[in-house]
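Colleague: sharing a sequence plus its predicted fold:
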Amino acid sequence: MTDMLSQEEIDALLGGGTAGISESPASLLTDEEADAIGEIGNISMGTAATTLFTLLNKKVTITTPKVSETTMDVLSKEFEDPSVLINIVYKMGIEGVNFLILHEKDVKIITDLMMGGDGTNVSSELNDLHLSAISEAMNQMIGSSSTSLSEMLGKKIDISPPEAYHDKISELDYTQFGVSKTDKVVKIAFRMTVGDLIDSEIMQVLPVDVAKQMVATIIKGKSEPEPAPAPVAEKAPPKAEAPKQQEAPAPQYYYEEERPKSNFSAEKVNAVPLQFENFDGNSSQMYYNNDIELIRDVPLEITVELGRTSKKINEILDFGVGTVIELDRLVGEPLIVLANGKRIAKGEVVVVDENYGIRITDIIIPKRITE
């Protein structure tokens, strides 16, 4: 047995042969395009994080994205199931599909926070309510990021309502979106944290042609040369002149009839101090126009307020036939009568010919503040 290398192995090491060497697939994006996509994703997801913070009332952080090329077949094997895929279609300004992929546990936490929970109710299975809530959250997030994208590209960007899918990514039929599993796509991976509840990965997936549409305007703007400044005509150097002896300024004399005159007239003006009318003594006698006939035909909506309360969304979802809602008003306490939303009286409930009525017990008179 010898330790010497064969000629074939030497050629492979020196690049003269292809034995044992596998070529990597050519990239469809240039380095400049990949950097532009990362810049767009960074700004867009920054705006989306602000929107998600408003929805969840929790601190949301989305880190700088990592851009790479892959296929849906490879991606489905990398991303752990179970997961949720949200399909959003660009309709105006950019045309094509846009996928967002989130872990199922993250979706449960986000939807629980949206429905008034504390983010810990993640034991139940995902249902249509969860998918509807996460679709609305993604709609607002991508809607706000589309606004930022519109400002960057200088054209209006419009999206379709999102559709959420809970199927396994590896078993999902992507031909319904116009994408096959073997087509090259651009993966933009973000690290997302929500308070101390979520520290996970959210993924945006774009077909290559959609990604190129996004960066086309930015790349074009960077590649156009700036207009050269207009040439400035050089001034001829001044001719040398013989130095002149500086003469002292001649003295100026004014005769009486030539002295400058003032523009102001010398006429006398009678000034009288301004007198303001005193309204203090007449304030109690001032009235508005008493011609009430002008507004007698104006209709007013009379409302009787029985009571009020506030409930969270998850409590309202539990409402059913026979549910009792407790109000903030005690039994026997006067009810409030409102005219066009303004309180005018108090009263009590009575029955008039099998109909409810209200008997006025007190008129609310607004107090005018006087000093």
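Modeller: Done, it's in. Numbers count the residues shown, from 1 in each chain.

Colleague: CA atoms only: put stretch 310-321 into CSV for me.
Modeller: Extracted C-alpha coordinates of stretch 310-321, given in CSV (Å, rounded to 0.1, in the frame of the first residue of the first chain):
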residue,chain,number,x,y,z
SER,A,310,-67.3,46.4,28.5
LYS,A,311,-66.3,42.9,27.4
LYS,A,312,-63.2,41.3,25.8
ILE,A,313,-63.4,39.6,22.4
ASN,A,314,-62.9,36.2,23.9
GLU,A,315,-65.8,36.8,26.3
ILE,A,316,-68.1,38.0,23.5
LEU,A,317,-67.3,34.9,21.5
ASP,A,318,-68.7,32.8,24.4
PHE,A,319,-72.1,34.5,24.2
GLY,A,320,-75.0,32.3,23.5
VAL,A,321,-78.8,32.0,23.9
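
Colleague: what's the offset of that stretch from the middle of its chain?
Modeller: Offset of stretch 310-321 from its chain centre (CA atoms, centre = their mean, to the nearest Å): 29 Å.

Colleague: that stretch - what's its average pLDDT?
Modeller: Mean per-residue pLDDT for stretch 310-321: 88.

Colleague: residue ranges with poor pLDDT in the stretch 101-250 of the chain?
Modeller: Applying pLDDT under 70 to the stretch 101-250 of the chain picks out residues 220-250.

Colleague: all helices for the stretch 151-300 of the chain, in order.
Modeller: With DSSP state H, counting those that start in this stretch as the criterion, the stretch 151-300 of the chain has helices at 208-223.

Colleague: for it, what spans make up the strands?
Modeller: 158-159, 163-165, 184-194, 198-207 (DSSP state E, counting those that start in this stretch).

Colleague: excluding covalently adjacent residues, which one is nearest to residue 82?
Modeller: residue 104 (4.2 Å; CB to CB, 6 or more residues apart in numbering). In this view, the C-beta of every residue, glycine as well, is placed from N, C-alpha and C.

Colleague: could you list every residue that touches that neighbour?
Modeller: The contact partners of residue 104, by CB atoms under 8 Å, 6 or more residues apart in numbering, come to 82-84, 126, 166.

Colleague: my guess is residue 361 contacts residue 348. True?
Modeller: Yes - with contacts counted by CB atoms under 8 Å, residue 361 reaches residue 348, the gap being 5.8 Å.

Colleague: need the overlap of contacts for those two.
Modeller: Here residue 361 and residue 348 have residue 334 as joint contacts, going by CB under 8 Å, 6+ apart.

Colleague: coming back round to it: will you turn the strands of the stretch 151-300 of the chain into JSON lines that also has distance to residue 217 and mean neighbour count?
Modeller: As requested, the strands of the stretch 151-300 of the chain are exported to JSON lines (distance: least, CB to CB, whole Å; neighbours: other CB atoms under 10 Å):
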{"stretch": "strand 158-159", "distance to residue 217": "16", "mean neighbour count": "16"}
{"stretch": "strand 163-165", "distance to residue 217": "27", "mean neighbour count": "18"}
{"stretch": "strand 184-194", "distance to residue 217": "17", "mean neighbour count": "20"}
{"stretch": "strand 198-207", "distance to residue 217": "15", "mean neighbour count": "20"}
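
Colleague: compare the ones you listed and give me the one nearest residue 318.
Modeller: Closest to residue 318 of these, according to CB to CB: strand 163-165, at 23.2 Å.

Colleague: list the strands paired with the closest one, with their directions.
Modeller: strand 83-92 (antiparallel) (DSSP bridges).

Colleague: next, the angle helix 208-223 makes with the strand it pairs with.
Modeller: Strand 83-92 and helix 208-223 are oriented at 50 degrees to each other (axes from the mean of the first three to the mean of the last three CA atoms, to 10 degrees).

Colleague: so for residue 39, what's the nearest residue that isn't a sequence neighbour?
Modeller: Nearest residue to residue 39 in three dimensions, chain neighbours excluded: residue 218, at 7.7 Å (CB to CB, 6+ apart).

Colleague: hmm, which two among the contacts of residue 104 are most spread apart?
Modeller: 83 and 126 (10.4 Å).
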